[in-house]
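A.B. asks: just need the structure, nothing else, for what follows:
(chains A and B, ligands or ions: 2)
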Amino acid sequence: MGDEQMKGYRQQPGKLPFKKPGSGGGKPFSELRDLDFIPESLDGRLAQPHGENRHDYLLTGSSIGRRTPMIDDRWKVTGQAKYGDDIRLSGELIGRILRSPHHYAKIRAIDTSVAEALPGVEYVLCGQGHKTLFGVLPVTKDEHALAVEKVRHVGDLVAAVAAVDEATALEALRLIKVDYEVLEPVHDMRKAIDDSEHPIHDRGKYHIGESNVQKRVFQEFGNISAMKDSLATSAAKWKFAGVNHGFTEPHAVVAHWDPSGRLTLYTPQQVPHYLHRALADVLDVPMHQINVYRTFVGGGFGGKSDPFPHEMCAAIMARETGKPVRITFDREEVFWTNRGRHPSLLEMVLHADQQGRISGIETDALIDGGAFASFGHVTTYYNGVLHTAPYEIGAFHYTGARVWTNKPASGAMRGHGAVNSRCAVESGIDDLCDRLQVDPITFRLANLLPPHSTTITGFRVTSIGMRECLERVRDASGWVEKFRKMPLGRGIGIGCGFFISGSGLPIHWDPNKFPHATVHLKVDMDGGVVVHTGAAEIGQGSDTVVAQSVAEVLGLPIEMIRIKSRETDTSPVDLGSYSSRVTFMNANAAISAAMVIRADLLAAAAEITAADEKMLVIGDRRIYVKRDPAVGVSYLEALHKALEDRGALVSSGSYRTPPMGKSHKGAAAGLAPAYSFSAYVAEVEVDMETGQSKVIEVWAAHDCGRALNPLAVEGQIIGSCHMGLGQVLSEEMVYGRTGHLRNANLLEYKIPTVHEMPKVTPIIVESNDPEGPFGAKEAGEGPLLPILPAVVNAIYDASGIRVNELPVTPDRLFRSIEKKIKAEEVDNALQLPNPNLQYSDLQNVVEARALDHGKRDDERQLDVEREPYHNGALFGLDPAIAPEEQTTDWVISLTPDEDYLADPRLAGSAWKHTERRHMGGEN
Amino acid sequence: MRTPPFNLHLPTTVSEAVQISAELRAEGRETDWIAGGTDLLPNYKWHLNTKSDVISLARIEGITSVSMTEIGAMARLSEIADGGEAHPLIAAAARKVASSLIRNSATLGGNICLDTRCFWFNQGEDWRSSIDWCLKCDCGTGADCRVIVNQNELCVATYQADLAPNLMVLGAAIHLAGPEGERSLPICEFFKLDGMTRNVLREGEMVVKVTLPDEVGQWQGEYQKLRLRESWDFPEAGVAAAWRLGGDGTLAELKVATTALESIPRLHDQEVAPIIAAGWSGEESITALAKAIQQTVKPVNNTAFPPNYRKKMTRVMCERALAQLSIN
Ligand SMILES: Cc1cc2nc3c(=O)[nH]c(=O)nc-3n(C[C@H](O)[C@H](O)[C@H](O)COP(=O)(O)OP(=O)(O)OC[C@H]3O[C@@H](n4cnc5c(N)ncnc54)[C@H](O)[C@@H]3O)c2cc1C
Ligand code: SF4
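C.D. replies: Ligands and ions are numbered 1, 2, ... in the order given. Take a look at the predicted model:
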């Protein structure tokens, strides 16, 4: 047909037999709407013990709450998922990195001439030409693409080569001559507090003395003077080894500059947006010239949430050569890149008063950051503030310091900053209860903050399922029959957790200006919904949860939702997969976007049926009158009506956190729109003669607000147990006497195998958060916290040994057993006394209060008009008013006074230094 | 990480294998045997003492048999563990080696001839360069041992294979073939005290099989293995014990051997003899023997657990290996 004939042609209505769009399902009419999934508050039968949620009226019954396999699972199990190293572009070069053999050295000169002359070598890169600093936090950018003036740990990046194949690249590395001037390294984090001749970094006028202290925190809240007047005190000095994420896929990156002069960087990243920014800085090109393509991610756990030097190297070398460059790490390099949990020295002192209240927590945390800042600024705060709940406390004193040492950098790892101090607190509570001779579960139940309250540091806590978690693990585990009643060598222990569900403030910008998460939808003729989101699917199921949310609102099967989340070119900005923020923020944004489409569809359906729009509901691919399903239209009919004159429906939804928190310096750290809670009971067997501990069974209750996908929540709980079990029993980055990381491989870095994995009974607690998407909170990180203290406390119940060094490897536990044998003057381990429990009078007090508070919490949960509740009410203050406004006994203090400095704790001694800018002089 | 290139040879008979090896050596090339490769290949990937030529034993016929009295060098550990033919003690020990996946490739010969291990040594090249290498793989630098320093001649890397002590306590003989012909010797004479030489194999000589005495069926035993995880982990200490009961049900003969504590596995006849001579008294004898053995072993700091712990655990492992004899 020629062009002229087409001109002015219009299809006349009715001339061609256009079929009516189908109903989508086989049935012309839907069933009467199932009132079971309509919540009580909306005239349905779904019980709502925890009150309403703002998305209640959006429930269609299609997807939320169903056990849903990950939507990308088939890609993975059939081997078709493309991970970082699976990206093969034609003409690619292989990049390899020359790494420092020294802990700490100045680079005097690098001679690359011989390497460059090697046939097959296309480019040799050194750090000198690329001095732009980057780092995940804008306040602490301290990384380069390659070392510029100094190498800071064994394995630090010195030079990079791009060559035709790997063998050539490796050969070229051998030919690079580096002239080093070796400097005295710092391995011991305690020494890093002191002044040093060559501090590992120089922060100019913000440098803290001449030391290696990167960040220090001092915080006091509450009635500090009353705290020491206690009935019982538990004090312990803890040592936590550093641990690595141990993800399966090593880091890998492919960089390609296309003919239009744009860079596409393929990489398994948790934070594509932050990488996007760092690339623009380092490469000195605008962000719109860069497309960060997130490949499938073979595990991240926080270990792929920094912009990395090797990503910069690949991009630079690809630009210089005009060819794609691929870099894949060996496991050793993964360990040298690290960003795992900080090795820490922690002092934890807990006080309980006459009424069995926690009258004070004093924490001092020195954390070993290794050679770079990474997320460490935040970690330093988290080690303190994240254990100010779920308990109501009388006072909180925290000193924290993060130091640089000549080790691979520590960073964010699942349970970021909260894991170690949580272990110490929960173990301390167990010890307190032992001293007070009360049951530790009852004690906890008598000291919980109520729902919708404010913590001592000013965090706004909404839903709390802590009480239910505790009660359910107590009942499921047979706690009452077992605790302190089992024979020597067998024990049971409890541990709790509290974690942020998203961080309240974005890392990079003013939260009042940009949302945290944005989702775009597009629905066209075929009825399928395309979702554009920047949330990084890292195996945790973020694609699935977004698909579920959209499917739920639109009443569609999940197969009709297509997720496009890979490329920064097409996805709206999302901050990434960290801080357990994705479900809360991204699903909220997705719901908002879907609500726009939903409104379009309802309007169209109302127009066709002439029914009152307010009476219309969405069911399985049909829109109909709630109480008369015969009156309605299919989804496609409604859609096509809505598409008339517009073409594809598009919408955008976003999420930003509400204003919250106090205003002191550091008040933002730990702020979250919601918090998750958990309680685990672990049962262990300890071989008293060898010190070997085996976890037999774990009962794991986690309050995730609402389980959008119970299958995924259970997966997270079980996976967290496994990961935490590694840290508590076997995993450790071992730095030998020379400071070399001794076990940078997966044989000697001891991740528990299937044999070490206990039976885990996941218990999902749904507190229905009022602001979460359909009531959901997080389940990705929080579930890791309680397993450590649960195991540690169970080991005490089994053996009478109070562990305070992790991991509890057999040799460590055996050493403690030997000491105890001496102290108890018995012949062998089998004669050691078993801890026992004879309830004291206080037991009645805490039992009564636990009961009382249970009722209080139930009421608060349902009462929409509830009064504010500030931490401090338990100690006799008016719950409705912030305590510091009521009494001068209640302090908020952020710098140490002279008294403190006269005798500081370990990390606290970092405050003995003066920041350079306060030292007088020009700076 | 890349395995360096090597020439692979695939002989089909023992004599051909020995001949290829001899010819290559005559040309001045160096060779390694490869059986299942579960030890050799990881070491090659790390560029640990790699050779230009590797001779595979995988295609050689007739050296895979498993029976009560004979096990071929190329018998797979999975077959030994689960085939139902091997002596129960050997089968039980094989079951504790590595993981099921690895046991499908791993062989008896490779297990016996396992290279000694040390955390200064079993590392990638970049890593070893950061400690300036060590004696066992000094890359031409004349580097010292990092475990026992300032001596420059002895490597004390630890022998961490599981089967040898069990073969020792059952009185196995090992059969070798080489350019100078075949020879056999008691397996306890096979190992040689040095982490580098490891055993008495001469240039171009290979293990063909092990044999066990005809009456081995009358022996029972027990193997105790200390390790952090129940799969994968090499032994940190291993104690094998085997005994024969007399007609009256009393202890007639007892052998105890240890592994993973020194550069070679060791049979502890010296410690056993006086205790048997004094008359076996069950519990007390066990305690005394376990103590005696603990005192003779000298672990060093080059494996995952600290040496003093491994030493102390030797006693516990020993007591547990002998527990069945406590009411004799
Ligand atoms: C993750 C992991 C865990 C492991 N855990 C254990 C463990 O718990 N216990 C344990 O004992 N081992 C363990 N191993 C080591 C190894 O898998 C086993 O010892 C195995 O039996 C070695 O056999 P192979 O056939 O694979 O040996 P190869 O790798 O083929 O050979 C090993 C060495 O023996 C030499 N060799 C092989 N056959 C002969 C022969 N017939 N004559 C002369 N020399 C020969 C080779 O030249 C080489 O030096 C582990 C290995 C890995 C990778
Ligand atoms: S024992 Fe000494 S020589 Fe042997 S591998 Fe270890 S460090 Fe090297």
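
A.B. asks: report the contact partners of B:L212.
C.D. replies: Contacts for B:L212 (C-beta atoms under 8 Å, 6 or more residues apart in numbering or on different chains) come out as B:M68, B:T69, B:E70, B:I71, B:H87, B:L167, B:L170, B:G171, B:A172, B:A173. Using the backbone N, CA and C atoms, a C-beta is placed for each residue, glycine as well.

A.B. asks: could you dump those residues to CSV with distance to ligand 2 and neighbour count?
C.D. replies: Below are those laid out as CSV (distance: C-beta to the nearest ligand atom, whole Å; neighbours: other C-beta atoms under 10 Å in any protein chain shown):
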residue, distance to ligand 2, neighbour count
B:M68, 37, 14
B:T69, 36, 16
B:E70, 34, 17
B:I71, 29, 29
B:H87, 33, 25
B:L167, 24, 30
B:L170, 29, 22
B:G171, 30, 19
B:A172, 27, 27
B:A173, 29, 18
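
A.B. asks: which positions within stretch B:293-307 qualify as buried?
C.D. replies: The neighbour-count criterion (16 or more other C-beta atoms under 10 Å in any protein chain shown) identifies B:I293, B:Q294, B:V297, B:P299, B:V300, B:N301, B:N302, B:T303, B:A304, B:F305, B:P306, B:P307 as the buried residues of stretch B:293-307.

A.B. asks: which among those gets closest to A:P673?
C.D. replies: B:A304 (43.6 Å; C-beta to C-beta).

A.B. asks: report the secondary structure element holding that closest one.
C.D. replies: Following DSSP states H and E, there is no helix or strand that holds B:A304.

A.B. asks: next one: the one 10 residues further on
C.D. replies: Of the helices and strands defined by DSSP H and E, B:T314 is found in helix B:307-321.

A.B. asks: which of the contacts of B:L212 fall within helices?
C.D. replies: Taking DSSP state H as the definition of helices, the contacts of B:L212 contribute B:L167.

A.B. asks: before we move on, the earlier item: just the buried residues of stretch B:293-307 now: which is nearest A:G428?
C.D. replies: The nearest member of those to A:G428, counting by C-beta to C-beta, is B:P306 at 28.2 Å.

A.B. asks: need the contact list for that closest one.
C.D. replies: By C-beta under 8 Å, 6+ apart, the contact list for B:P306 reads A:D811.

A.B. asks: gap between the residue nearest the centre of chain A and A:A712?
C.D. replies: Centroid-nearest residue in chain A: A:S579, 3.7 Å away (criterion: C-alpha atoms, centre = their mean). According to C-beta to C-beta, to the nearest Å, A:S579 and A:A712 sit 18 Å apart.

A.B. asks: and if you look at A:F584?
C.D. replies: To A:A712, A:F584 is 14 Å away according to C-beta to C-beta.

A.B. asks: so between these two, which is more surrounded?
C.D. replies: Taking other C-beta atoms under 10 Å in any protein chain shown, A:F584 and A:A712 do not tie; A:F584 has more neighbours (29 against 24).

A.B. asks: phi, psi for the more buried one please.
C.D. replies: Per-residue torsions, A:F584: phi -60, psi -50 (degrees, to the nearest 10).

A.B. asks: hmm, back to that, what is the nearest of the buried residues of stretch B:293-307 to ligand 2?
C.D. replies: B:N302 (5.2 Å; C-beta to the nearest ligand atom).

A.B. asks: close enough to count as contact, that closest one and B:V156?
C.D. replies: Yes: B:N302 is within contact range of B:V156, at 7.1 Å (criterion: C-beta atoms under 8 Å).

A.B. asks: now the farthest one out in chain B, which residue is it?
C.D. replies: B:D248 (34.6 Å).

A.B. asks: which SS class is the closest residue to A:D364 other than its chain neighbours?
C.D. replies: Nearest residue to A:D364 in three dimensions, chain neighbours excluded: A:R905, at 3.8 Å (C-beta to C-beta, 6 or more residues apart in numbering or on different chains). With DSSP: H, G, I helix; E, B strand; the rest coil as the basis, A:R905 sits in coil.

A.B. asks: burial count for A:R905?
C.D. replies: 19.

A.B. asks: get me the contact residues on chain B for chain A.
C.D. replies: Proximity of chain B to chain A (C-beta under 8 Å from any C-beta of the partner chain) is limited to residues B:1-2, B:99, B:119, B:123-124, B:126-127, B:129-131, B:226, B:228-233, B:304-306, B:309, B:312-313, B:316.

A.B. asks: contacts with ligand 1 among those residues, please.
C.D. replies: Among those, proximity to ligand 1 is found for B:W232, B:D233 (C-beta under 6 Å from any ligand atom).

A.B. asks: and the residues of chain B next to chain A, which of them are in helices?
C.D. replies: Counted as lying in helices by DSSP H, out of these, are B:D126, B:W127, B:S129, B:S130, B:Y309, B:K312, B:M313, B:V316.
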